[in-house]
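Engineer: Quick check, what structure comes out for this input:
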Amino acid sequence: MLLTTAPHWKGSIWPSIKILYCSMLCPTVSETDCYVTLWLPTASSEKVRTKTVRNCKDPVWNEMFYFRIQSQVKNVLELAVCDEDVIRDDDYCIILFDIAKVPLGETIFMKFELNPHLRCKPYIHLYSTSGPDIRLGFDLCPEEKEFLQKRKKVVAAALKRVLQLEEDLQDDEVPVVAIMTTGGGMRALTALYAHLLIMQKLDVLDCVSYFSGLSGTTWTMSNLYNDPNWSHKDLEVPLLDAKKHMNKNKFFASFAPERLKYYVKELRQRSQEGHIISFTDLWGLIIEAMLHDGEVHQKLTDQKQALNHGQNPLPVYLCLNVKEKVNSRGFREWLEFTPYEVGFQKYGAYIRAEHFGSEFFMGHLMKKIPESRISFLEDEYFHYMQAYKLPTRMQSPPDSLANVFQDIITWRPAVSVVPNFLKGCPMHNKYLESEFSNWKDCDLDSFPNQLTGAEDFLYLIDNAFALQSSYPPLMRPERNVDLIIHLNYSTGSQLEVRRLRHTSEYFSEQGIPFPKNVPSKEEEKELKECYLIGEQEGAEIPLVLLFPLVASSFREYKAPGKSTYAFILRFVFISVVFSPYDINTLRYSEEDFEKLVKLSQYNIENNKDMIINALRIAVERKRQTEKS
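Structural biologist: Below is the predicted model:
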């Protein structure tokens, strides 16, 4: 038998026990039908057992069992080798073993004598594993650190060109720049393509190390990262492709008979793989039909190819984990996704991206389920109705595909349900060991037994139910972001400025550095195209370059310095309910598409000097910090 004492999780020990084999020294009257029972009273009130090996005098099991115990109490394991019998099972031997005898990190092999009258011996191997399948800690994963080293060289060269520096930047002088996007449906998808294209032309895109998104912008991001070198290719091509899909009839593209058959086939296959299917899975397939010509085979981990040489910014996706029957104020936790890891920054607990959706217990991978295609992950990043209605959850058994299609008719926003990879992991008060994990913004944070480790499933919703931005992963102190380019696509730019004030107040309450001097209520009445925030605050405060999606001087100029009235034609405010860019609009006319693209490009190009100035300030701050 193998007994594993894994590393601590905040006061707990995870012994894993592998039953190997039993060797008989002399034959018995008949062949045995042996099995082994295990009982660890301090971990569970129930006994567990191996399978029965029939008609064998030297049975071999090789079965693994996992427990969770507390180091503060005495933990005695009871082992029983039994012979299964029709009338009554015979116990060959009962062994009591103190788990404390197995030092952490060491391997021990032990042999136990059975009943001497039966003259048999089982062999027990006690060992220590390399640890759980969950990465514990608040530091960045090794892959992300390696990426940043490679990306730093690309960023340094780009900054030298953009800022026209005479000398190369040293590694410690290179600021970490991030693009932060908000949600906004098809409006966000379209405007983000336009913003990235103009930033590429201005050579700013290579200055960016992180790229965070939620809701509609994740569609753009996941499509771009299909190409490992997307930021170094002409972004006019994906923009024109998006135009084609924005102009097409999405109802026929999504609900043609062959597409419905495809949905049923895909959902049935997903169910057979072990995933929990719901409306959001169907919605992911519908989005796939709306925005692509065929099936999208890409997975999140495939995006690593776009990061191997530091050639593109690191994408970070975001959603919110909630509880059933508890509002988001009572309980909410940010779950971040990168091509490397998925995890909770709150607890410092991360799993490999390919393991998301698999079943875990006490930090160990119990059942590997195939990694989801990106189309199914997009439904977790984005729920189209967003925060305009209260969320409800509809979970269907594998054979109830009709119920999933029924949700289309009733149009109920749904929550993605996935196995909880923190299941069985104790959440004591010590989970607040890191300064960042002091991010206590939920009522249930005061009750560790009500936190995520006690749940069987994660209930994931759009981040729009909280901050309506993808700031949280960028605020991890380990990422040390110096400048955030905030691209706003949410409904109502005036409302977005208010949200920014709310975000500033929120981070201030959590003790997380963020600019406090944000645009005032008076400035909402006449918004500018760009704001540089945090310039007059301390060097530890990240700079924020805010781009509200507003038609300000664009009404008078078709390009910086070129006056025209051609683009005034029925271009309405983004915030107007009956705007062609309403959040619920899935199809744009060619004219409306072009206007939104030109507005987005104009606002960036018309403020390129402010972008360059922000980059220059970020570099100077890094230099001053290193000198001090």
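
Engineer: Walk me through the domains of the protein.
Structural biologist: Taking automatic domain parsing as the reference, the chain has its domains at 2-131, 136-627.

Engineer: Deepest-packed of those domains, please.
Structural biologist: Of all the domains of the chain, domain 136-627 has the most neighbours on average by mean count of other CB atoms under 10 Å, namely a mean of 19. Just so you know, the C-beta spots here come from the backbone N, C-alpha and C atoms, and that holds for glycine as well.

Engineer: what's the offset of that one from the middle of its chain?
Structural biologist: Here the centre of domain 136-627 is set off from its chain's centre by 10 Å, with CA atoms, centre = their mean, to the nearest Å.

Engineer: What ranges does the stretch 501-628 of the chain have for its helices?
Structural biologist: When assigned using DSSP state H, counting those that start in this stretch, the helices of the stretch 501-628 of the chain occupy the ranges 590-605, 608-627.

Engineer: List of residues touching the last one?
Structural biologist: Pointing back at helix 608-627 there. Here helix 608-627 makes contact (CB atoms under 8 Å, 6 or more residues apart in numbering) with 159, 162-163, 169, 172-175, 177, 202, 204, 207, 482-483, 485, 530, 532, 535, 539, 543, 545, 604.

Engineer: hmm, back to that, could you name the stretch from the helices of the stretch 501-628 of the chain that's closest to residue 33?
Structural biologist: Proximity to residue 33 (CB to CB) singles out helix 608-627 among these, at 70.6 Å.

Engineer: what does the average pLDDT come to for that closest one?
Structural biologist: For helix 608-627, the mean pLDDT works out to 92.

Engineer: hey, C-alpha coordinates of it in PDB?
Structural biologist: Below are the C-alpha coordinates for helix 608-627, written out as PDB (Å, rounded to 0.1, in the frame of the first residue of the first chain):
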ATOM      1  CA  LYS A 608      -2.100  59.800 -30.300                       C
ATOM      2  CA  ASP A 609      -0.100  62.500 -28.600                       C
ATOM      3  CA  MET A 610      -1.800  61.800 -25.300                       C
ATOM      4  CA  ILE A 611      -1.000  58.100 -25.800                       C
ATOM      5  CA  ILE A 612       2.700  58.800 -26.400                       C
ATOM      6  CA  ASN A 613       2.700  61.100 -23.400                       C
ATOM      7  CA  ALA A 614       1.300  58.400 -21.200                       C
ATOM      8  CA  LEU A 615       3.900  55.900 -22.400                       C
ATOM      9  CA  ARG A 616       6.600  58.500 -21.800                       C
ATOM     10  CA  ILE A 617       5.400  59.100 -18.200                       C
ATOM     11  CA  ALA A 618       5.300  55.400 -17.600                       C
ATOM     12  CA  VAL A 619       8.900  55.000 -18.700                       C
ATOM     13  CA  GLU A 620      10.000  57.900 -16.600                       C
ATOM     14  CA  ARG A 621       8.200  56.500 -13.500                       C
ATOM     15  CA  LYS A 622      10.000  53.200 -14.000                       C
ATOM     16  CA  ARG A 623      13.400  54.900 -14.200                       C
ATOM     17  CA  GLN A 624      12.700  57.000 -11.100                       C
ATOM     18  CA  THR A 625      11.500  54.000  -9.200                       C
ATOM     19  CA  GLU A 626      14.700  52.000 -10.000                       C
ATOM     20  CA  LYS A 627      16.900  55.000  -9.100                       C
END
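
Engineer: Now do that helix against helix 590-605: the angle between them, please.
Structural biologist: Orientation of helix 608-627 against helix 590-605 (axes from the mean of the first three to the mean of the last three CA atoms, to 10 degrees) gives an angle of 40 degrees.

Engineer: Am I right that residue 188 is in a helix?
Structural biologist: Yes - counting by DSSP: H, G, I helix; E, B strand; the rest coil, residue 188 is found in a helix.

Engineer: measure the nearest residue to residue 273 once chain neighbours are set aside to residue 363 for me?
Structural biologist: Taking CB to CB, 6 or more residues apart in numbering, and ignoring the residues beside it in sequence, residue 273 has residue 370 as its nearest neighbour in space, at 5.0 Å. Residue 370 sits 21 Å away from residue 363, going by CB to CB, to the nearest Å.

Engineer: swap in residue 102?
Structural biologist: Noted for residue 102: a distance of 18 Å to residue 363, by CB to CB.

Engineer: Kindly report the same for residue 176.
Structural biologist: Distance of residue 176 to residue 363, computed by CB to CB: 30 Å.

Engineer: Could you do residue 237 as well?
Structural biologist: Look at residue 237 and residue 363: by CB to CB, they are 44 Å apart.

Engineer: Tell me where this structure has helices.
Structural biologist: With DSSP state H, the ranges of helices along the chain come out as 142-162, 185-201, 216-224, 236-247, 250-255, 257-273, 279-291, 374-381, 401-410, 493-509, 590-605, 608-627.

Engineer: returning to that earlier point: I'd assumed residue 299 was in contact with the residue nearest to residue 273.
Structural biologist: No - with contact defined as CB atoms under 8 Å, residue 370 and residue 299 do not form a contacting pair (9.3 Å).

Engineer: Could you export stretch 69-82 as PDB, CA atoms only?
Structural biologist: Output in PDB follows, covering the C-alpha atoms of stretch 69-82 (Å, rounded to 0.1, in the frame of the first residue of the first chain):
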ATOM      1  CA  ILE A  69      -7.100  15.600   7.700                       C
ATOM      2  CA  GLN A  70      -6.000  18.200  10.200                       C
ATOM      3  CA  SER A  71      -2.500  18.100  11.700                       C
ATOM      4  CA  GLN A  72      -3.800  19.300  15.100                       C
ATOM      5  CA  VAL A  73      -5.400  16.000  15.900                       C
ATOM      6  CA  LYS A  74      -4.200  12.400  16.000                       C
ATOM      7  CA  ASN A  75      -5.000  10.600  12.700                       C
ATOM      8  CA  VAL A  76      -5.100   6.800  12.800                       C
ATOM      9  CA  LEU A  77      -5.800   4.800   9.700                       C
ATOM     10  CA  GLU A  78      -7.600   1.500   9.900                       C
ATOM     11  CA  LEU A  79      -6.800  -1.000   7.200                       C
ATOM     12  CA  ALA A  80      -8.600  -4.300   6.900                       C
ATOM     13  CA  VAL A  81      -7.800  -7.100   4.500                       C
ATOM     14  CA  CYS A  82     -11.000  -9.100   3.900                       C
END
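
Engineer: Report the mean per-residue pLDDT for it.
Structural biologist: Averaged across stretch 69-82, pLDDT comes to 83.

Engineer: what's the answer for stretch 322-337, then?
Structural biologist: Mean pLDDT, computed over stretch 322-337, is 77.

Engineer: wait, isn't residue 162 in contact with residue 201?
Structural biologist: No - Residue 162 lies out of contact with residue 201 (CB under 8 Å); the separation is 11.9 Å.

Engineer: Can you tell me the closest non-neighbouring residue to the spatially most central residue of the chain?
Structural biologist: By CA atoms, centre = their mean, the chain has its centre lying nearest to residue 337, at 2.4 Å. Nearest residue to residue 337, sequence neighbours excluded (CB to CB, 6+ apart): residue 317, at 4.1 Å.

Engineer: Quick check: the one you found vs residue 185, distance?
Structural biologist: From residue 317 to residue 185 the distance is 16 Å (CB to CB).

Engineer: before we move on, back to that, least reliable of the domains of the chain by average pLDDT, please.
Structural biologist: domain 2-131 (a mean of 73).
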